[in-house]
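*Asks:* Provided below are the primary sequence and the corresponding predicted coordinates.
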Amino acid sequence: MPRFGIAIDATKCIGCHSCRVACQNQNGLEFTETFNWIKDKERGKYPSYDKEYVPLQCNHCGNAPCERVCPTGATYTTPEGVVLVNKKTCVGCKYCMEACPYKMRIILHKAGIVVKCRLCIEMVREGGTPACVTTCPTQVRIFGDLDDPNSEISRFIAESGAEPLRKDLGTLPHIYYKRS
Amino acid sequence: MPESAWGWLIVVYLFLAGSGSGAFLAAVYCDLLAPDWSKSLARAGSLVSGPLVTIGTICLVLDLEAGLWEPWRQIYLAKNLSSMIAWGVIILSGFIPVALLYAAALNEITFVGKIARKYIRIIEYVGSALAVATATYTGVLIAVVNGVPFWNTPVMPVLFLASAISTGLAAAMIVAAIIDASTIKTLSNFALGHVIFLAIEALVLMLLVFMSLTRSTEAAISANMLISGVLSPYFWVLVVLLGILIPFILSIVEYYEYGEMPKSLVIGSDLLVLMGGMSLRALIIFSASPPQII
């Protein structure tokens, strides 16, 4: 069984939000709802000033705080290491939203349930790649199997020294970042 | 990215569940240790405890979304025992019936109360354990959240338990003064309870703030929000001054004056304790600050 993840080369991100639009399209979300964000961070001081864009989405943690606090067991991890929410058993208590250190979950008030990035699991199981990965014009994201040392993603992580966000939290994320 | 998922309904729930279980403990304490001269307080405590926790639990259910419109989803609520909400559901389903039964037993309401009266000691011991569990669990609920570093500390349940006991005692004393006007003198004995638990609450709160200032950047952001930031007027006035300091001084006076203090001041001081307990929970929830991830 593969263990899916995404490596993000933040140095290539131009902040165009194509990933956000593709994700909304793929998941039938309104323009105010999204499973991925781009946050910018200013670095340095004028005149040597720089702005870094960091695409953010659910980290599909190997040790997911959201799964641990979910009272109904609606949040679960698939054998491929993808964290999903069962629409039928979520009660909308929002405990997972508080527990997620990355704050990557949203509540859909119409449906009354909490939703998040699903790593486009149905496309991935048919051999495809998530919408945010294919749509990116500067090819920031690399999708693949983290357990296969010869996969593009594993080689990228090994070469670039990409690391998860806030590794110190012990959440074992499946999303890796290369930042300058 | 959503900043905070919980709002006023959760704040009200945390407060009512705390004060309800505190009122139960106050009632049991009176009935066990001083049954002859504090009957009104024991009766008042037992009468408010169940309803307070029940109203709080209703707030908790109202905060659900899909689980509110499709209530059958709530049967899953105790499925994952690594979740504090699942434990809360179990504790509350035990405590609410016991608290209501205790009210019936102590006041001999209906035949149920008369039968339960015979087993009152068992109800008191089991109920006290459940009351402590309820008050503590409301603190553990937010203390296990690693998405908010300020909450993520073992001091939190201790603070919630101390605050639950002082607000519960306050609720019981207000109702005792209403149902039995002549009891105001005996209430002075219990002012000592306020002195003790408000002092503990103040110490634990101080510990929480000081520890948070150095524990992590994000916990310090929350703590600074309380002591010098946007929430500081509410923190210093509603929680520290009106919620702890003034009732603390009034309770010392009440204890030494022994029944000579005007009724309005006695009830006023208890109302301030309740307001302080509510404000404390609101400020802890609203000062949540997530980890800095980039």
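*Replies:* Cool, got the structure.
*Asks:* Is B:Asn224 in a helix, a strand, or coil?
*Replies:* helix (DSSP: H, G, I helix; E, B strand; the rest coil).
*Asks:* Just give the number of residues close to the nearest residue to it once chain neighbours are set aside.
*Replies:* Once flanking residues are discounted, B:Asn224 sits nearest to B:Leu213: 7.4 Å by CB to CB, 6 or more residues apart in numbering or on different chains. In this view, the C-beta of every residue, glycine as well, is placed from N, C-alpha and C. B:Leu213: 14 surrounding residues under other CB atoms under 10 Å in any protein chain shown.
*Asks:* what about B:Gln74, how many residues close to it?
*Replies:* 18.
*Asks:* Spell out the residue ranges of the helices in the chain.
*Replies:* If you meant another chain, say so; for now it's chain A. Ranges of helices in chain A, per DSSP state H, are A:18-27, A:65-69, A:95-99, A:121-125, A:131-135, A:152-160.
*Asks:* think we crossed wires, I meant chain B
*Replies:* Assigned by DSSP H, the helices in chain B fall at B:8-33, B:39-63, B:66-69, B:84-106, B:110-117, B:120-143, B:155-179, B:184-215, B:217-227, B:232-234, B:246-257, B:263-286.
*Asks:* If you average pLDDT over each of those helices, which is lowest?
*Replies:* With a mean of 87, helix B:110-117 has the lowest mean pLDDT of the helices of chain B.
*Asks:* So which elements touch that one?
*Replies:* helix B:84-106 (3 or more CB pairs under 8 Å, 6 or more residues apart in numbering or on different chains; DSSP states H and E).
*Asks:* Determine the angle, from 0 to 180 degrees, between the helix it packs on and helix B:120-143.
*Replies:* Using axes from the mean of the first three to the mean of the last three CA atoms, to 10 degrees, one finds that helix B:84-106 and helix B:120-143 are set 150 degrees apart in direction.
*Asks:* got a markdown table for the helices of chain B, with distance to A:Gly81 too?
*Replies:* Listed next are the helices of chain B as a markdown table, based on distance: least, CB to CB, whole Å:
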| stretch | distance to A:Gly81 |
| --- | --- |
| helix B:8-33 | 32 |
| helix B:39-63 | 31 |
| helix B:66-69 | 26 |
| helix B:84-106 | 24 |
| helix B:110-117 | 53 |
| helix B:120-143 | 28 |
| helix B:155-179 | 32 |
| helix B:184-215 | 31 |
| helix B:217-227 | 27 |
| helix B:232-234 | 44 |
| helix B:246-257 | 53 |
| helix B:263-286 | 33 |
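*Asks:* roughly how far apart are A:Asn63 and B:Lys263?
*Replies:* Shown here: A:Asn63 relative to B:Lys263, a distance of 56 Å by CB to CB, to the nearest Å.
*Asks:* re the thing from before, of all the helices of chain B, which one is nearest A:Ile142?
*Replies:* helix B:217-227 (30.2 Å; CB to CB).
*Asks:* Contacts for that closest one next, please.
*Replies:* By CB atoms under 8 Å, 6 or more residues apart in numbering or on different chains, the list of residues contacting helix B:217-227 from outside reads B:148-150, B:152-153, B:208-209, B:211-214, B:231-232, B:235-236, B:283, B:287-292.
*Asks:* pLDDT score assigned to the residue in chain A sticking out farthest from the centre?
*Replies:* The C-alpha centroid of chain A is most remote from A:Pro47, which lies 33.4 Å away (CA atoms, centre = their mean). On the pLDDT scale, A:Pro47 is placed at 89.
*Asks:* ok, now which ones touch the residue nearest to B:Asn224?
*Replies:* Counting by CB under 8 Å, 6+ apart, B:Leu213 touches B:219-220, B:223-224.
*Asks:* and chain A, which residues reach chain B?
*Replies:* A:37, A:39, A:41, A:54, A:56, A:65, A:68-74, A:88-95, A:97-107, A:109, A:111-113, A:165-166, A:169 (CB under 8 Å from any CB of the partner chain).
*Asks:* Based on its surroundings, how many neighbours for B:Asn189?
*Replies:* B:Asn189 is flanked by 17 other residues according to other CB under 10 Å.
*Asks:* Equivalent analysis for A:Lys45, please.
*Replies:* Neighbour count of A:Lys45, defined by other CB under 10 Å: 7.
*Asks:* What of A:Ser180?
*Replies:* Neighbours of A:Ser180 (other CB under 10 Å): 7.
*Asks:* how far away is the nearest residue in space to it that is not next to it in sequence from chain B?
*Replies:* Distance criterion CB to CB, 6+ apart; nearest residue to A:Ser180, sequence neighbours excluded, is A:Thr11 at 5.2 Å. In this view, A:Thr11 and chain B are 14 Å apart by CB to the nearest CB, to the nearest Å.
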